[in-house]
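**Student:** task: produce atomic coordinates for the following.
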Amino acid sequence: MATDPLSLTFAALADPTRRAILSRLANGQASVGELAMPHDMSLAAVSKHIKVLETAGLIRREKDAQYRYCQLQAGPLKDLDGWMAAYRGLWRDNLDQLDTYLADMQRGDDTNKQ
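**Tutor:** Take a look at the predicted model:
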């Protein structure tokens with residue numbers, strides 16, 4: 001199992017439940033119970049998802065009396081964004097080429113209609 005931070009982040013984000021938990025935490029801290037509410041699973045199952053997110057450094061858990069609160073930690077997402085930045089340029093270039101191709105086709109279609 002990979003243990004480098006980027007691999008842990010990708011693995012954590014691979015699951016839709018964990019992505020939903022992160023989306024909720026983007027609005028502010030929440031208890032484990034609040035995070036579990038929209039999901040059709042036990043608190044234990046949600047806790048496992050939270051542990052994966054915590055291991056990846058995407059969330060931090062704090063205990064306040066009998067409640068455990070989770071808070072988003074965006075650092076690994078910034079690292080992921082940095083890694084993806086190189087590919088953004090590639091996609092932008094490909095989309096620019098597609099725009100040019102479609103514009104050329106459109107001009108050709110307009111010429112054929114006259």
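**Student:** what about the strands in the chain?
**Tutor:** Ranges of strands within the chain are 30-31, 59-64, 67-72, based on DSSP state E.
**Student:** so can I have TSV of the ones you listed showing mean neighbour count?
**Tutor:** For the C-beta atoms, the positions are set from N, CA and C on the backbone; glycine is no exception. Listed next are the strands of the chain as TSV, based on neighbours: other CB atoms under 10 Å:
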stretch	mean neighbour count
strand 30-31	16
strand 59-64	14
strand 67-72	16
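**Student:** what's the closest of the ones you listed to residue 16?
**Tutor:** Closest of the strands of the chain to residue 16 is strand 59-64, at 16.2 Å (criterion: CB to CB).
**Student:** for the closest one, the distance to its chain's centre please.
**Tutor:** From the chain centre to the centre of strand 59-64 is a distance of 20 Å (CA atoms, centre = their mean, to the nearest Å).
**Student:** give the other helices and strands that that strand contacts.
**Tutor:** Other elements packing on strand 59-64 under the criterion 3 or more CB pairs under 8 Å, 6 or more residues apart in numbering; DSSP states H and E are helix 16-25, helix 43-55, strand 67-72.
**Student:** cutoff 6 Å now
**Tutor:** strand 67-72 (3 or more CB pairs under 6 Å, 6 or more residues apart in numbering; DSSP states H and E).
**Student:** strand partners (parallel or antiparallel) of the strand it packs on?
**Tutor:** Strand 67-72 has its sheet partners listed here by DSSP bridges as strand 30-31 (antiparallel), strand 59-64 (antiparallel).
**Student:** which ones are touching residue 32?
**Tutor:** Taking CB atoms under 6 Å, 6 or more residues apart in numbering as the criterion, residue 32 is in contact with residue 68.
**Student:** from residue 12, how far off is it?
**Tutor:** 16 Å (CB to CB, to the nearest Å).
**Student:** how distant is the longest helix seen in the chain from the center of its chain?
**Tutor:** Using DSSP state H, we find that the single longest helix of the chain is helix 75-113. With CA atoms, centre = their mean as the basis, helix 75-113 stands 22 Å off its chain's centre.
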